[in-house]
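Trainee: model this:
(2 chains)
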Amino acid sequence: MDGMTLSIEEGAVIALIGPNGAGKSTLFALMMGELAPTSGEIRLDGRDMRGFSPERHSRLGIGRTFQTPRLFAGLSVTENMRIALRARNQRQSVSALGKDDAGAALGEVGLLEQHKQTASSLSQGQRKRLELAMVLALQPRVLLLDEPTAGMGVDERATIMQLVMGAVQRRGLTLVFCEHDMETVFAHALRVVVMDRGRLLADGAPEDVRRDPHVQQIYLGTHAGRAAS
Amino acid sequence: MRRVREWLGPLPDWLPALVLVLLAAVLPALVSSEYVLLGASMIVTMLLGVSFNLLFGYAGMFSFGQSAFYGLGAYTTVLVVNNSGVGFYVALLAGVCAAALVAAVSGVVLVRLEPIAFIMLTFALADLFEFAANHAHTLTGGDSGTIASLPNSLNVIVGVDRVYYVILVVAVVVLAIAFVFVKADTGLMLRGIREDALRARTLGIAVDRRRLGVFALAGGVAAAGGGLSVLSAQIVYPSVFAWQVSANALIVTLLGGVGLFSGPALGAVLLGLIDFYVGRLTTNTLLIDGVILLAVVLIAPRGVGAAGRGGLLGASVALLRRVWTRAGEARAGAAG
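Mentor: Reported below is the predicted structural model:
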């Protein structure tokens, strides 16, 4: 990060874009406590989050998915879901939650049929959906999604974003998502933040960012031309 | 055959352990004292393996220092029996508690370490205890060892079968505790931590705290094994802390199946039988152990207890299928 200042208001739907190596995933890692900042501050509701572990970040309401889905690969889909539910309800046993809760959560993301499969045997899209379901099960307030539609076809991208935006609207979540697919960005984001080499390049409404000559020069290029036509 | 397998469903991983426990219960009625003592030794080794399997098989923590807690259990049991009025069972409990406490205190630092550092420092912990046992002559007798002052009812020379059943019953209790632990929520959470600790952290799971809990439990289980070994050996030496003891824990778990509840039990029986019979033929039991371990890791990397691919059963079926196919090709070639 290079002198970056970013404020995220409650209920925002922000797309974080930029070329590879811009620092988007690094920013997410900082926001989740996986990396400690060498200078500057990270605050949630005014509370300084520096020094807090990722566990503490999660318990304070931040949910995060990864560019490459991180699941409990050797465990079944149901077991993955039950761990997430158990993590949410620390005082409640998995047996008390019952298979129905895991089943309901899996049903919402269309993975009920795969409940006995190991997570490692799922397709990329299915893994993304499972990871999303696990993170949503934590009932976060802030959702950080790192390239939620990466590696997916058009239909699957639409399905994932439908799930995401449905949850955001139902639960009033604050959403920050990294994306390379500009159609997804401009279809869903209410605000676009552009990064380049750890610096903030642009921050504003999607149309304003799309018209920014700097952004067009460094990043959007033909994407802007294609989207505008 | 496939239909039968599908109907049966996957066999629970605790079933072989239950079968072995039932066999162990009737062992003295079936064999001579020599084999009963062998059985006792297998039970103790099984507990050592269970302690390692709890850490590595379920939590992904490779400890090369379970001998530290095994030895602590043995020495504490002997010292308490010899120097206080309490009986063996209270002394054994003291050994288990002492080891669990040492594990909990040392674990505060150890469980936060990267895997390589964790292996090295657990090894160093056991080494430290061995050094202390060798040099604290007034307390431990040094390399001369310390004889346990046990009553006749627990003297293996006077009554092998009685001592055997004490070892078996205590081991079954410890095994039951371990079973409840791994089948409960905690076991599932630990398996998740083993798969991906960062994912677990970002779900809000207190990874270090859970690792500390299983480290303390595993220390207690190893100590139970060490305390029980005093019954069959009647004496304890500093070599109870030796790296070979930790290696035995690893070997029986690898042989039987890492992450399988029955793995250490199967591995302990296998290793015990190999050492017993090979020991009658040669003094190079370590060499033979190594060759067999290598063969198992290559042929059945998931251990003899694992069904399906990677286990001995699966490997055997795959091998038979290959032989059958080759034989069929050879017959077709000869007919052509």
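Trainee: so the closest residue to chain A within the stretch 201-336 of chain B: helix, strand or coil?
Mentor: Closest approach between the stretch 201-336 of chain B and chain A, counting by Cβ to the nearest Cβ: B:G204, at 3.5 Å. For every residue, glycine as well, the C-beta is placed using N, CA and C. Following DSSP: H, G, I helix; E, B strand; the rest coil, B:G204 is assigned to coil.
Trainee: residues in contact with it?
Mentor: Contacts for B:G204 (Cβ atoms under 8 Å, 6 or more residues apart in numbering or on different chains) come out as A:55, A:58-59, A:87-88, A:90, A:138.
Trainee: near chain B, which residues of chain A?
Mentor: Taking Cβ under 8 Å from any Cβ of the partner chain, the part of chain A that reaches chain B is made up of A:32, A:34, A:53-55, A:57-59, A:63-64, A:70-75, A:79-80, A:82-84, A:86-88, A:90, A:93-95, A:134-135, A:138.
Trainee: now restrict the residues you listed to buried residues only.
Mentor: With burial judged by 16 or more other Cβ atoms under 10 Å in any protein chain shown, the buried subset of the residues of chain A next to chain B is A:32, A:34, A:53-55, A:57-59, A:63-64, A:70-73, A:75, A:79-80, A:82-84, A:86-88, A:94, A:134-135, A:138.
Trainee: just give the nearest non-adjacent residue to the residue nearest the centre of chain B, would you?
Mentor: Centroid-nearest residue in chain B, with Cα atoms, centre = their mean: B:G49, separated by 1.0 Å. Excluding its sequence neighbours, the residue lying closest to B:G49 (Cβ to Cβ, 6 or more residues apart in numbering or on different chains) is B:P264, at 2.8 Å.
Trainee: moving C-terminal of the helix or strand hosting that neighbour, what's the next helix or strand?
Mentor: Using DSSP states H and E, B:P264 sits in helix B:263-281. Next helix or strand after helix B:263-281 toward the C-terminus (DSSP H and E): helix B:285-299.
Trainee: buried ones in the helix of greatest length in chain A?
Mentor: Of all segments of type helix in chain A, defined using DSSP state H, the longest is helix A:154-171. Going by neighbour count (16+ other Cβ under 10 Å), the buried part of helix A:154-171 is A:156-157, A:159-161, A:163-164, A:167-168.
Trainee: sheet partners, orientation included, of the helix or strand just after that helix?
Mentor: Note on helix A:154-171: by DSSP H and E, the next helix or strand toward the C-terminus is strand A:174-178. Paired neighbours of strand A:174-178 in the sheet (DSSP bridges): strand A:13-17 (parallel), strand A:142-146 (parallel).
Trainee: how about the contacts made by B:L72?
Mentor: Applying Cβ under 8 Å, 6+ apart to B:L72 gives the contacts B:95, B:98-99, B:102, B:129, B:219, B:223, B:226.
Trainee: which two in the residues you listed are spaced the farthest apart?
Mentor: Distance extremes for the contacts of B:L72: the farthest pair is B:G95 and B:F129 at 13.1 Å, using Cβ to Cβ.
Trainee: more neighbours: those two, which one.
Mentor: B:G95 (30 against 23; other Cβ atoms under 10 Å in any protein chain shown).
Trainee: correct me, but that one touches B:S229?
Mentor: No: checked against Cβ atoms under 8 Å, the pair B:G95 and B:S229 is beyond contact range at 10.7 Å.
Trainee: next, show the common contact partners of those two.
Mentor: In contact with both B:G95 and B:S229: B:A74, using Cβ under 8 Å, 6+ apart.
Trainee: so B:I119 touches B:Q66, yeah?
Mentor: No: between B:I119 and B:Q66 no contact is recorded; they are 11.7 Å apart, counting by Cβ under 8 Å.
Trainee: between the two, which is the more surrounded one?
Mentor: The neighbour count for B:I119 versus B:Q66, taken as other Cβ under 10 Å, is higher for B:Q66 (35 against 16).
Trainee: please name the residues that touch that one.
Mentor: With contacts defined as Cβ under 8 Å, 6+ apart, B:Q66 is in contact with B:48, B:51-52, B:55, B:122, B:126, B:218-219, B:222, B:245-246, B:249.
Trainee: tabulate those residues (JSON lines), appending secondary structure.
Mentor: Converted to JSON lines, these look like this (three-state DSSP):
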{"residue": "B:L48", "secondary structure": "helix"}
{"residue": "B:S51", "secondary structure": "helix"}
{"residue": "B:F52", "secondary structure": "helix"}
{"residue": "B:L55", "secondary structure": "helix"}
{"residue": "B:T122", "secondary structure": "helix"}
{"residue": "B:A126", "secondary structure": "helix"}
{"residue": "B:A218", "secondary structure": "helix"}
{"residue": "B:G219", "secondary structure": "helix"}
{"residue": "B:A222", "secondary structure": "helix"}
{"residue": "B:V245", "secondary structure": "helix"}
{"residue": "B:S246", "secondary structure": "helix"}
{"residue": "B:A249", "secondary structure": "helix"}
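Trainee: what's the closest of those residues to A:H188?
Mentor: Of all these, A:H188 sits closest to B:L55, with 45.2 Å by Cβ to Cβ.
Trainee: in terms of contact, does the closest one touch B:F69 like I think?
Mentor: No: with contact defined as Cβ under 8 Å, B:L55 and B:F69 do not form a contacting pair (10.8 Å).
Trainee: thinking again about what came up before, mind putting the strands paired with strand A:174-178 into TSV with distance to A:F28, mean neighbour count and mean pLDDT?
Mentor: Below are the strands paired with strand A:174-178 laid out as TSV (distance: least, Cβ to Cβ, whole Å; neighbours: other Cβ atoms under 10 Å in any protein chain shown; pLDDT from 0 to 100):
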stretch	distance to A:F28	mean neighbour count	mean pLDDT
strand A:13-17	8	23	94
strand A:142-146	5	24	95
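Trainee: how far away is the spatially most central residue of chain A from chain B?
Mentor: Centrality entry for chain A: nearest residue to the mean C-alpha point is A:L145, 1.0 Å, by Cα atoms, centre = their mean. As judged by Cβ to the nearest Cβ, to the nearest Å, A:L145 and chain B stand 13 Å apart.
Trainee: and the residue nearest to that residue when sequence neighbours are not counted, what are its bridge partners?
Mentor: Spatial nearest neighbour of A:L145, excluding adjacent residues (Cβ to Cβ, 6+ apart): A:F177 at 4.0 Å. Beta-bridge partners for A:F177, by DSSP bridges, are A:A15, A:L145.
Trainee: picking that back up, so which of the buried ones among the residues of chain A next to chain B are in helices?
Mentor: A:54-55, A:57-59, A:79-80, A:82-84, A:86-88, A:94, A:134-135.
Trainee: need the residues of chain B near chain A, please.
Mentor: Chain B has residues B:184-185, B:188-189, B:191-192, B:195-196, B:198-207 near chain A, with proximity defined as Cβ under 8 Å from any Cβ.
Trainee: can you rerun that using 7 Å?
Mentor: B:185, B:188-189, B:191-192, B:195-196, B:198-199, B:201-207 (Cβ under 7 Å from any Cβ of the partner chain).
Trainee: and the furthest pair within those residues?
Mentor: Farthest-apart pair in the residues of chain B next to chain A is B:D185 and B:L198; separation 20.3 Å (Cβ to Cβ).
Trainee: check contacts around B:L228.
Mentor: B:44, B:167, B:170-171 (Cβ atoms under 7 Å, 6 or more residues apart in numbering or on different chains).
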